[in-house]
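In: Sequence and predicted structure, then a few things I'm wondering about:
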Amino acid sequence: MKDVKPTELNQRSYSLPPRLGLAVKLSVASAVVCGIAAHIGDGIAKKDICFYPKSARIHDAPIQAGEGNPEELLLGKKYCRYEQRSQIPEPYLKANQYRTSNPNFNPWAFLQHESLYVFRELPADNPFKIHLGIAAIAFGGIGLWATSKAQDYLADIRPHYRATKQFEGIRASYSVKLGEQLLNLSGNELLKYLRGIKIAEARQQFIASITPQQQTALLMAMSADDYYEFGHLLDGGQSFEKFEPQQQPAAQLPHSTPGTVQEQIQQSTFAPQPVSTGDYLHPSETEALITLQTIARSDGSTALVAAPGSGKSVTLDYLIQRILDDDNSADIWVISAKNDSFCGLRDKGRVIVFDQEQPESAKRTIDRFYDSYKQRKQLPEHKRESLPPLILILDDWLVIADQLSKAYSDWNYGGKLLDVLLIGREFNTKFFASLQSFNLGALGIEKMDSQTRLCLNLLLLGNRYIKNGREQESYGVLELILNRGDIIPGKQEREEIKSRYLQIKPISYKNLRPILIASLGGFVVALMPKLSKQSNFIADEKTYLDRVFDLEFDLNDSTKESKHQQQLSEVANKVLEYFQNVKNKVPKTLRDLKKADRLTSYSEQELIAGLKELIQFEKLNTGENNTYFLPDW
């Protein structure tokens, strides 16, 4: 195709090349004209023939030769009257002259008989009828050829148009970024000059000489100290609110207002928080830690969704460690695309590194896990309470599931996972699926509707990280569900979660700390604590929580004296009543509490908060394997 200028491509309609356009127009017009002309008139010559015996013609000849004979007219009308004539197409007369394969053919039969008389010859109305029809077909073929060439031309030019539009958009975005960089550079240079001016009058004279564009650049580049010193002269102090530091809520004791400790933390997360640095960044870290513990101890299965660099591997290791700390006899199997340690499970032979060329080991592991689960389903009810956790961890499952589906098209692993998801909690069996995108269809569960999804815990992470000098953001998974009504049905709840997320995101962005959004009956938005493979920051959660409250609320010794005076929350009182009225005074687990009639209206997360509140005020003691009992038992 001939090169086309970008200005000619950037349009909604296009003109064909002159020669090609002329060929299309002329061929179509000629085909139409020839077709109409070929349709008009008759293209066959005819002859009027009548029966006029030769004897009559010989007899009529002298009569016709005579003059004034009245019988001439009668003899002339006797044989060739109007109704006695026949119009015969001329080709019939010509065709009859050719001999056929019949040896007895008489070429002079009927039409060439000597008694037939050609009374009149009629010429063809349209002698070029056949030629015009052939011309119409020829011009139509030329029109089709020219139209195909035009289609090829337009199909070739359209991608160039799209590419040009995309290029223009990219060039515009880079122009905007370049303009911002130039403004920032200009603002920084102006700030350096203004900071060097110590005399107020000279500073005012310089400010009066700058342009409005430079004024905007200065306001964008300066800090709060610069604005309080001389920046307010630029706009008459109209931007004091912008540079006003956010006020930290007054420090209060956790028991200064009614509610549980978790409710106090949750309330504080809604208030604007300054972007701080250090190990402790935001009070919601406590809520994130409680959420991770709840997921580790939960009976239900969990989908961990996070893009690369969001802290997915560290979080998964923490969950495994919490499960092993609670019960060393936990039967955990891992299928992963990476040969990681997974808290020592690799050394125990429990980690299956997936190989797409030999996928049978992963299939065999899933089948073995499901067979163990089916054996548990055969146990009577009284033997289910003491069952150790049976857990399958599916790491990097999007890639592995795709390869397994191709290798074993008739193998329904999704049906096995659905069985564990819906019924496995009754037999202390669950799975953790680690996904890189919010694609729950990778679990292979065909009936993953809104009701089924409620049985699946969701744990989503987003973060900003820098690796090898490259910066990457992975908040897309979190921001995707914030706008999905099928995940967060209520519009008001969606707005509250989005507001809390927007408050925590600057802290996460600046400090490279992940944000957690979890769904365990209700949604939790929190900043992740510093979970690291290289350090032991969360070895003791109680110590960590105490440090968080000391930093956030500035607790002193008087809190120890006053904590016994605080009234317990409703759920804590109900849990305490359960322990006081139970007949069998043996240590109880969270599962026992969930089965109690008086506690069925509370969620698992509320019961955990109530237990922690009772332990904090020394109303309950903890035992082995996450059991709880009264001090006087």
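Out: Received the coordinates, thanks. All of these numbers come straight from a predicted model, not from anything done at the bench. Numbering: from 1, shown residues only.
In: Show me the strands in the stretch 501-633 of the chain, by range?
Out: For the stretch 501-633 of the chain, the strands defined by DSSP state E, counting those that start in this stretch occupy 515-520, 522-527, 621-622, 628-629.
In: So which residues make contact with the first one?
Out: Looking back up the chat, that one is strand 515-520. Outside of strand 515-520, the residues within contact range by C-beta atoms under 8 Å, 6 or more residues apart in numbering are 288, 291-292, 294-295, 298, 457-463, 475, 478, 481, 487, 497, 501, 504-505, 508, 523-528, 603-605. Using the backbone N, CA and C atoms, a C-beta is placed for each residue, glycine as well.
In: Enumerate the positions of that strand that are buried.
Out: Taking 16 or more other C-beta atoms under 10 Å as the neighbour-count basis, strand 515-520 is seen to contain the buried residues 515-520.
In: ok, now the second one?
Out: Residues of strand 522-527 classed as buried by neighbour count (16+ other C-beta under 10 Å): 523-527.
In: can you give me the strands in the stretch 201-350 of the chain?
Out: So, for the stretch 201-350 of the chain - with DSSP E, counting those that start in this stretch - the strands run 302-306, 331-336.
In: Highest mean neighbour count out of the ones you listed?
Out: strand 302-306 (a mean of 25; mean count of other C-beta atoms under 10 Å).
In: model confidence over that strand, on average?
Out: For strand 302-306, the mean pLDDT works out to 91.
In: what does stretch 355-367 give?
Out: Stretch 355-367 comes out at a mean pLDDT of 91.
In: where in the stretch 51-200 of the chain is pLDDT low?
Out: Filtered on pLDDT under 70, the stretch 51-200 of the chain yields the residue ranges 60-77, 92-113, 156-187, 189-191, 193-200.
In: would JSON lines of the buried residues of strand 522-527 with pLDDT be doable?
Out: JSON lines is the format used below for the buried residues of strand 522-527 (pLDDT from 0 to 100):
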{"residue": "523", "pLDDT": "87"}
{"residue": "524", "pLDDT": "91"}
{"residue": "525", "pLDDT": "93"}
{"residue": "526", "pLDDT": "93"}
{"residue": "527", "pLDDT": "92"}
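In: ok, these vs residue 574, which is closest?
Out: residue 524 (22.1 Å; C-beta to C-beta).
In: Quickly note the distance from the nearest residue to the closest one once chain neighbours are set aside to residue 414.
Out: Distance criterion C-beta to C-beta, 6 or more residues apart in numbering; nearest residue to residue 524, sequence neighbours excluded, is residue 518 at 4.6 Å. Per C-beta to C-beta, to the nearest Å, residue 518 is found 24 Å from residue 414.
In: How about residue 146?
Out: 55 Å.
In: next one: residue 335
Out: 15 Å.
In: can you check residue 477 too?
Out: For residue 477 relative to residue 414 (C-beta to C-beta), the value is 22 Å.
In: Ok, residue 211 next?
Out: Residue 211 is 65 Å from residue 414, by C-beta to C-beta.
In: Could you do residue 137 as well?
Out: For residue 137, the distance to residue 414 (C-beta to C-beta) stands at 61 Å.
In: cool, residue 302 as well?
Out: Distance, residue 302 to residue 414, by C-beta to C-beta: 17 Å.
In: same thing with residue 456?
Out: Computed as C-beta to C-beta, the residue 456 to residue 414 distance reads 13 Å.
In: Neighbour count: those two, which is higher?
Out: residue 456 (21 against 18; other C-beta atoms under 10 Å).
In: Does the more buried one touch residue 431 like I think?
Out: No. Residue 456 is not in contact with residue 431 according to C-beta atoms under 8 Å; the separation is 9.7 Å.
In: number of nearby residues for residue 610?
Out: Neighbours of residue 610 (other C-beta under 10 Å): 26.
In: Then residue 479?
Out: Neighbours of residue 479 (other C-beta under 10 Å): 14.
In: next one: residue 25
Out: Count around residue 25 with other C-beta under 10 Å applied: 13.
In: Go ahead and report the secondary structure state at it.
Out: Classification of residue 25 by DSSP: H, G, I helix; E, B strand; the rest coil places it in helix.
In: Tell me the confidence at it?
Out: On the pLDDT scale, residue 25 gets 89.
In: all numbers from here: first residue = 22
Out: Done: numbering now begins at 22, and the last item shifts to residue 46.
In: any idea how far it lies from residue 389?
Out: 75 Å.
In: now residue 138
Out: 109 Å.
In: Between those two, tell me which one has more neighbours.
Out: Using other C-beta under 10 Å, the more surrounded residue of residue 138 and residue 389 is residue 138, with 18 against 12.
In: what's the residue nearest to residue 360 when sequence neighbours are not counted sitting at in phi/psi?
Out: Leaving aside its sequence neighbours, residue 360 sits nearest to residue 374 (C-beta to C-beta, 6+ apart; 4.9 Å). Reported as degrees, to the nearest 10, the phi and psi values for residue 374 are phi -80, psi 120.
In: List the beta-bridge partners for residue 374.
Out: Beta-bridge partners for residue 374, by DSSP bridges, are residue 357.
In: Could you double-check that residue 639 lies in contact with residue 652?
Out: Yes. Residue 639 lies in contact with residue 652 (C-beta under 8 Å); the separation is 7.2 Å.
In: which stretches of the stretch 372-521 of the chain aren't confidently modelled?
Out: Judged by pLDDT under 70, the stretches of the stretch 372-521 of the chain that qualify are 467-472, 489-490, 507.
In: 80 instead, please
Out: 406-407, 458-475, 487-492, 501-502, 504-512 (pLDDT under 80).
In: about what we covered before: just checking, which of the contacts of strand 536-541 belong to helices?
Out: 309, 312-313, 315-316, 499, 502, 518, 522, 525-526, 529, 625-626 (DSSP state H).
In: Could you dump these into TSV and include distance to residue 488?
Out: Shown next, in TSV, are these (distance: C-beta to C-beta, whole Å):
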residue	distance to residue 488
309	23
312	27
313	24
315	31
316	27
499	20
502	25
518	29
522	24
525	22
526	20
529	16
625	37
626	34
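In: from the residues you listed, which single one is nearest residue 590?
Out: Among the ones in helices among the contacts of strand 536-541, and counting by C-beta to C-beta, the member closest to residue 590 is residue 626, at 13.2 Å.
In: Tell me who's in contact with that closest one.
Out: Per C-beta under 8 Å, 6+ apart, neighbours of residue 626: 311-312, 315, 541-543.
In: Now residue 432. Nearest residue, chain neighbours left out?
Out: Excluding its sequence neighbours, the residue lying closest to residue 432 (C-beta to C-beta, 6+ apart) is residue 384, at 6.7 Å.
In: Please read the previous query as pertaining to residue 56.
Out: For residue 56, the closest residue by C-beta to C-beta, 6+ apart turns out to be residue 157, at 4.1 Å.
In: contacting residues for that neighbour?
Out: 51-53, 55-56, 59.
In: swap the cut-off to 10 Å and go again
Out: 51-60 (C-beta atoms under 10 Å, 6 or more residues apart in numbering).
In: Kindly reformat those as JSON lines containing distance to residue 301.
Out: Putting the contacts of residue 157 into JSON lines (distance: C-beta to C-beta, whole Å) gives the following:
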{"residue": "51", "distance to residue 301": "86"}
{"residue": "52", "distance to residue 301": "84"}
{"residue": "53", "distance to residue 301": "85"}
{"residue": "54", "distance to residue 301": "89"}
{"residue": "55", "distance to residue 301": "90"}
{"residue": "56", "distance to residue 301": "88"}
{"residue": "57", "distance to residue 301": "90"}
{"residue": "58", "distance to residue 301": "94"}
{"residue": "59", "distance to residue 301": "94"}
{"residue": "60", "distance to residue 301": "93"}
